[in-house]
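1. Below is the sequence, then the predicted model.
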Amino acid sequence: MEKLIPQKEVWVLLLRLLRFLEVEFGESLPPSLAEAARDFEPFTLAEILRQRRLTVWELPRLRGWLRWGASRLGMKLKHTYPTLESSDLVGWIADIMTARRMATRPLNPHCSPQSSNALSVTLG
C-alpha cells in the first residue's frame, strides 16, 4: 500500500474523502482509518461539485482562464460548459486554504505512508 500512496497529499485527500462518506452517508470506517481520519475536515458536497465544474473548465490552467474569460465576454464557445460563477472562484480560494491547512496537519502515526504494519492490518 505504501507503494501505491507514498505522498502525504494523497493520504490527506483520501482521509478527507473518507470523512465525507462518513458524515454525509453515515458510512462506518475501519477503526484504524477512522482514527487517522478524525483530525481531518471532510470535504463538503459544495466543494466536490465546485471542483468538478472547475476541472471541466480546465482551471487553473491558462487555457481554462482564457476560456472562462471569453465566456464572460459573451463569446460563443465550441463546447457547452457548466455555469461557473464568480462565487465559484471565491469558494475555490477557500477550498485551497482549507486544503493547505489540512496538508499541514500530521498524519496519525498508526495510519500513514510510513506505517506499513498499520496498512496491512487496515486492508486485511
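-> That came through fine.
2. going forward, measure contacts and count neighbours with C-alpha atoms only.
-> Noted.
3. residue contacts, Phe43?
-> By C-alpha atoms under 8 Å, 6 or more residues apart in numbering, Phe43 lies in contact with Arg16, Leu17, Arg19, Phe20.
4. so the nearest residue to the last one once chain neighbours are set aside is in which element?
-> Yep, that's Phe20 we're talking about. Counting by C-alpha to C-alpha, 6 or more residues apart in numbering, Phe20 lies nearest to Pro42, which is 4.6 Å off, once chain neighbours are set aside. Assessed by DSSP states H and E, Pro42 sits outside every helix and strand.
5. May I have the phi/psi pair for Pro42?
-> Phi and psi for Pro42, reported as degrees, to the nearest 10, are phi -70, psi 150.
6. From Met97, how far off is it?
-> Distance of Pro42 to Met97, given as C-alpha to C-alpha, to the nearest Å: 14 Å.
7. who has more neighbours, these two?
-> For Pro42 and Met97, the more surrounded residue by other C-alpha atoms under 10 Å is Pro42, and the numbers stand at 22 against 12.
8. Test my guess that that one contacts Leu17.
-> Yes. Pro42 lies in contact with Leu17 (C-alpha atoms under 8 Å); the separation is 6.3 Å.
9. and Leu17, what does it touch?
-> Pro42, Phe43.
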